[in-house]
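> please find the sequence and the predicted model below.
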Amino acid sequence: MSSQQRDAAEPLRASEGQDAAALFARRLNRLNAHGYPESQGRPYTNQELARAAGLSDSQVSNLRNGKHVPKLNTAVALAALYKDVRVEYFAAPDDDPCVREVEARLRAVEGMRGDQGPALRVGAEINGIVAVHPREGVRILVQKAAGLTDKDLEVLGKMAEFLREANAAGDAVPDEQQKDA
């Protein structure tokens, strides 16, 4: 029987061995931090979550702090705020396909938005990989795609600097003169 077929007033249950309230809070907070609509440009407020689920602000706060387990209808209403998230995400084990699918989408959104979280701040090292600013990451990707070495980039950088200085000093050759030369 699917979760939607259960009694809507029945509390949501976590998988074996997990604290349902803590699991729900962790996943709701993760969804809220990264799964909000791009058009909104920010996570939902507690007031918006409360209105969507028919709860008070304090009830939402208790859910987000892991103090209470929501009723199924509340979990369904909250899941509906996030694109393609089934209510099972809130209670299934980490290796469940539903959870893995949502987490993969959230990681993709994090990468697109640059929401790398505290562990991936610029300069942080994880497993020997140093996190870089998104613009620096783009530079690295372009460099690798073009097959450029660090020395190539250094030469190109010096050429660009020379041209900027020449242009600023008025020494740059206008396009018309280059054609005649």
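Cool, the structure landed.
> and residue 48, what does it touch?
Counting by CB atoms under 8 Å, 6 or more residues apart in numbering, residue 48 touches no other residue. All C-beta spots, glycine's among them, are computed from the backbone N, C-alpha and C.
> now name the helix or strand holding it.
Residue 48 is part of helix 46-53 when elements are defined by DSSP states H and E.
> next SSE downstream of that helix?
helix 57-64.
> in terms of secondary structure, what does the helix or strand containing residue 101 contact?
Here residue 101 is covered by helix 97-113, with elements defined by DSSP H and E. Using 3 or more CB pairs under 8 Å, 6 or more residues apart in numbering; DSSP states H and E, the elements in contact with helix 97-113 are helix 20-34.
> now do 10 Å
Packed against helix 97-113 by the contact rule (3 or more CB pairs under 10 Å, 6 or more residues apart in numbering; DSSP states H and E) you find helix 20-34, helix 134-146.
> avg pLDDT for the shortest one?
I take that to be helix 134-146. When pLDDT is averaged along helix 134-146, the result is 56.
> is it true that residue 89 touches residue 103?
Yes. In terms of CB atoms under 10 Å, residue 89 counts as a neighbour of residue 103; the distance is 8.8 Å.
> and for those two, which residues touch both?
Common neighbours of residue 89 and residue 103, counting by CB atoms under 10 Å, 6 or more residues apart in numbering, are 27, 30.
> more neighbours, the two?
Set side by side, residue 89 and residue 103 show unequal neighbour counts under other CB atoms under 10 Å, the larger going to residue 89 at 23 against 14.
> and that one, what is it in contact with?
Contact analysis of residue 89 by CB under 10 Å, 6+ apart lists 24, 27-28, 30-31, 35, 75, 79, 82, 96, 98-99, 101-103.
> and residue 67, how many neighbours?
With other CB under 10 Å as criterion, residue 67 counts 12.
> check the secondary structure at it for me.
Secondary structure of residue 67, reduced to three states by DSSP: H, G, I helix; E, B strand; the rest coil: coil.
> which ones are touching it?
For residue 67, the contacting residues are 21-22, 25, 59, 61, taking CB under 10 Å, 6+ apart as the criterion.
> how much space between it and residue 20?
If you measure residue 67 against residue 20 using CB to CB, to the nearest Å, the figure is 12 Å.
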